[in-house]
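# Sequence first, predicted coordinates after that:
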Amino acid sequence: MAKHFEKTWSRYLFLIGLAFLGLLIWHFGWKNLAAVLLDVRPIPFLAMLIIITLSFWVRTWKWRYVLGPRQNSASLFFWAKVAGNFSPGRVGELAPLLSRRHRTPQVAAWIIADRILEIIFTLLFGFLGIWLLHLISGKTAAALACLGLLLILIGTYLIYRSDLLKPLETRLPENSRRRRLIALLIQLHEETRALAPKAPHILFVTIAGKILDIYVGVYLCLAFGYDVSFLLMCAARCAHALVSAIPIATDATGVPFAAAAVIIHQYAAMPYPALTVALSLEYLSINLILWLSLLLAIKLERGD
């Protein structure tokens with residue numbers, strides 16, 4: 001029932017995205033948008049496609065490193081990303097847990113931890129861009145930095161407290177639903193703590209992947225003749241991520257791309273018709289590469 005609801009909901013969001021794109025085509029005129037498309041520079045666009053592919057496959061190494069060999073880590077990663085792109089609040093990234101073989105505390109803890117890390121570094125890079133471009137005041141930047149540091153310290157403390165939930169578990173009745181839930185949370189907590197020795201490699205690959213993501217946007221704009229700085233693209237990607245966290249504003253609706261477009265238009269003077277074509281091409285390219293990579297990963301892992 002829940003799976004059927006999710007599919008129906010995702011379908012409606014995708015239709016909203018098509019309607020939004022149709023509205024933009026009507027507003028700007030399909031002839032004007034076609035002219036913009038025909039002026040795309042092939043070399044920067046090809047570079048963008050290569051960077052998208054590289055950013056995905058770099059992350060598969062991170063999943064393999066954490067989950068271990070022969071765990072179908074590459075296909076799990078691409079499965080999670082494909083499902084996440086079409087689900088409210090990206091909850092579809094938990095899709096690997098639908099497989100009985102991979103429905104383990106280790107996989108669940110890693111998916112959640114990886115998602116949190118990706119969010120943290122998106123926000124950090126976004127904050128860096130906004131701060132260095134002086135888009136916010138110094139006091140606001142200092143307040144946000146202190147808040148971010150406080151949240152990171154609290155999160156680190158909660159992870160390293162091994163006895164955090166065990167007293168609560170012992171006070172609950174045997175075989176009760178709440179006790180089973182607490183027991184599951186304890187398992188997830190222990191698996192998260194087990195990631196600590198691998199943290200340096202995980203953080204390095206996460207940062208590398210995030211930098212590649214930002215350069216995807218930089219080369220996308222270059223393909224249309226606009227030089228958007230790395231820092232400004234950090235801010236645009238952050239806006240995209242914040243809006244896409246809203247359950248009814250998935251990537252499929254196009255709304256997160258509109259948020260990024262507003263920032264790029266305002267601070268880099270890239271016209272909205274060019275942004276409409278550029279971001280539509282990026283969305284199609286990302287999803288095409290995701291699906292092809294998923295099929296390739298499945299084929300490679302079957303040959304192991």
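Done, it's in.
# Sketch out the strands for the stretch 151-300 of the chain, chain order is fine.
Applying DSSP state E, counting those that start in this stretch to the stretch 151-300 of the chain gives no strands.
# how about low-confidence regions in it?
Residue ranges of the stretch 151-300 of the chain with pLDDT under 70: 162, 164-172, 179, 247, 249.
# buried ones in the longest helix along the chain?
Looking across the chain with DSSP state H, the single longest helix is helix 272-302. Within helix 272-302, the residues scored as buried using 16 or more other CB atoms under 10 Å are 273-283, 285-287, 289-290, 293-294, 297. Any C-beta I mention is one placed from the backbone N, CA and C, and that applies to glycine too.
# And the residue nearest the centre of the protein?
Against the mean C-alpha coordinate of the chain, by CA atoms, centre = their mean, the closest residue is Glu118 at 6.5 Å.
# my guess is that residue meets Thr206, correct?
Yes. Using CB atoms under 8 Å, Glu118 is in contact with Thr206, at 6.6 Å.
# other SSEs contacting the helix or strand hosting Cys146?
Assigned by DSSP states H and E, Cys146 belongs to helix 138-160. Applying 3 or more CB pairs under 8 Å, 6 or more residues apart in numbering; DSSP states H and E, one finds that helix 138-160 makes contact with helix 105-132, helix 177-193.
# between the ones you listed, which one is nearest to Lys210?
When the helices and strands packed on helix 138-160 are compared by CB to CB, helix 105-132 sits nearest Lys210, at 4.7 Å.
# which parts of the closest one are buried?
105-111, 113-115, 117-118, 120-131.
# how distant is it from the center of its chain?
Centre-to-centre, helix 105-132 and its host chain are 8 Å apart (CA atoms, centre = their mean, to the nearest Å).
# Tell me what angle it forms with helix 138-160.
With axes from the mean of the first three to the mean of the last three CA atoms, to 10 degrees as the basis, helix 105-132 and helix 138-160 are set at 170 degrees to each other.
# now the angle from helix 105-132 to helix 177-193?
Using the same axes, to 10 degrees, helix 105-132 lies at 60 degrees relative to helix 177-193.
# name the helices or strands packed onto helix 105-132?
Under the contact rule (3+ CB pairs under 8 Å, 6+ apart), helix 105-132 is packed against helix 42-67, helix 138-160, helix 177-193, helix 199-223, helix 230-244.
# Now tell me what touches the helix or strand just after the first one from outside.
Right, the one you point to is helix 42-67. Downstream of helix 42-67, the first helix or strand assigned by DSSP H and E is helix 73-85. Helix 73-85 is contacted from outside by 56-57, 59-60, 63-64, 66-67, 90-96, 102, 107, 111, 250-252, 286-287, 290-291, 293-294, 297-298, 300-301, using CB atoms under 8 Å, 6 or more residues apart in numbering.
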